[in-house]
Each structure stands twice: as C-alpha cells, then as structure tokens.
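Build me a structure from this.
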Amino acid sequence: MNTETQVIAEINTFIEKFIKAYPKTDVDEYLSLFAKDENLVVFGTGEKWVGYEEYKPAPQKDKDKFKEISITFDWKKINYHGQIAWFAAEVTVNLTIEGQKLSLPGRITGVLKKEGDEWLITKAISHHQNQRIKNKSILSLFCIDILEVLRYFKFVKRKCF
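Residues are numbered from 1 along each chain as shown. Below you'll find the predicted structure:
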C-alpha cells in the first residue's frame, strides 16, 4: 500500500472508531479520540470548548440527554499533509427525543493530528441543517445545538442571537 492510500485508510479507520464511539455507552472511548491538551477546540452548534479539560464533560451531558444517539457519515472528503489531516463530512445524527426518533442532517469538519501511531481530533466544528418536524420549522441549528432541540420540542422559545 502506498503512503497516500495508507494515510487515507488510517483516517477512515479513525472515522469508523468515531462513529462507533459517538457518545453511547463508553464516553471514555469517545474522549480517547481527542487531543488531551489546551489546543483542542470544539465548536458545537451554539457552543464552544477550548482545551480538553473544558470539553471533557460535554459528551457525558449529550449521553445523559439522549438515551439513543448515533451518527452516520453520508459523504466525506479527506486531505492530509504530513502528520496533519482535515476532513469535511455530511452526516446524519439519529436520536430519540421523548420517544420520537429523529434523523437530523448535519455537517462536521475536523482537523486531526497524528501523535505516535494515533490520529487525534484537535479541531472540530459541527452544525445541523434546517429541518421541519410536525409542521414546526427548527431554526438553523447552526445557532442552537442539539441539546436545545429538546427545549424547542417542549415549545420553549429562544432567540439564537
């Protein structure tokens, strides 16, 4: 296998690990995919975490709010240079809210850094696209995060800006 094919295969394997670990039963496995330093930056739709210690509690909060949550990558583009890689992906976030199963389209971009033999997320940005559910328009989730969708379904009004 040539170097380019090998690196792309490694990153695809990393993405598969991310999909399997996406905050389900083992939050520690999910967190093991992130750089453990102050340079980690993660943007959710409406939230920002700087540094691993600040981000560390966030996945558990998602897990607690959504008993069922998963992600699928519908399309992705991977590039790399040396020990740095970046990707853009269109995804579907599948979750259950108050017994209603939802599939929300979204996008994720990320920067990975290879440390030793492992690729780790150093920067990540995610947002979810508009969707209509039960004739209610969900505001662009670029300005609210999935956790706030719960508030929306309970008909609590909140401005994005």
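
Could you point out the longest helix of this structure?
helix 3-21 (DSSP state H).

Do me a favour and average the pLDDT over that helix.
Helix 3-21 shows a mean pLDDT of 91.

I'd like the next helix or strand past that helix.
As assigned by DSSP states H and E, the chain's next helix or strand after helix 3-21 is helix 27-31.

Can I get the helix or strand just after that next one in PDB, CA atoms only?
Downstream of helix 27-31, the next assigned helix or strand under DSSP H and E is strand 41-44. Output of strand 41-44 as PDB, limited to C-alpha atoms (Å, rounded to 0.1, in the frame of the first residue of the first chain):
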ATOM      1  CA  VAL A  41     -11.000  23.500  20.100                       C
ATOM      2  CA  VAL A  42     -14.500  22.000  19.500                       C
ATOM      3  CA  PHE A  43     -17.500  24.000  18.200                       C
ATOM      4  CA  GLY A  44     -20.900  22.600  18.600                       C
END
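
Please tell me I have it right and S126 contacts G106.
Yes - with contacts counted by C-beta atoms under 8 Å, S126 reaches G106, the gap being 6.1 Å. For the C-beta atoms, the positions are set from N, CA and C on the backbone; glycine is no exception.

Now list whatever residues contact both of those two.
Counting by C-beta atoms under 8 Å, 6 or more residues apart in numbering, the residues touching both S126 and G106 are V91.

Give me the buried positions along stretch 55-71.
With burial defined by 16 or more other C-beta atoms under 10 Å, the residues of stretch 55-71 counted as buried are 55-56, 58-59, 62-63, 66, 69, 71.

Which members of these define the maximum pairwise distance?
K56 and I71 (19.5 Å; C-beta to C-beta).

The nearest residue to V41 once chain neighbours are set aside - how many residues pack around it?
Of all residues not flanking V41 in the chain, K123 sits nearest, at 5.0 Å (C-beta to C-beta, 6 or more residues apart in numbering). Per other C-beta atoms under 10 Å, the neighbour tally for K123 reads 16.

got it, and T3?
As a burial measure, T3 scores 8 neighbours (other C-beta under 10 Å).

So which bits of stretch 14-32 are buried?
14-15, 17-18, 21-24, 27, 30-31.

likewise stretch 88-106?
So for stretch 88-106, counting by 16+ other C-beta under 10 Å, buried means 89, 91, 93-95, 97, 102, 104, 106.

Give the full set of residues in contact with the nearest residue to F66 once chain neighbours are set aside.
Counting by C-beta to C-beta, 6+ apart, L95 is the residue found nearest to F66 once chain neighbours are left out, at 4.8 Å. By C-beta under 8 Å, 6+ apart, the residues touching L95 are 66, 68-70, 101-102, 104, 146.
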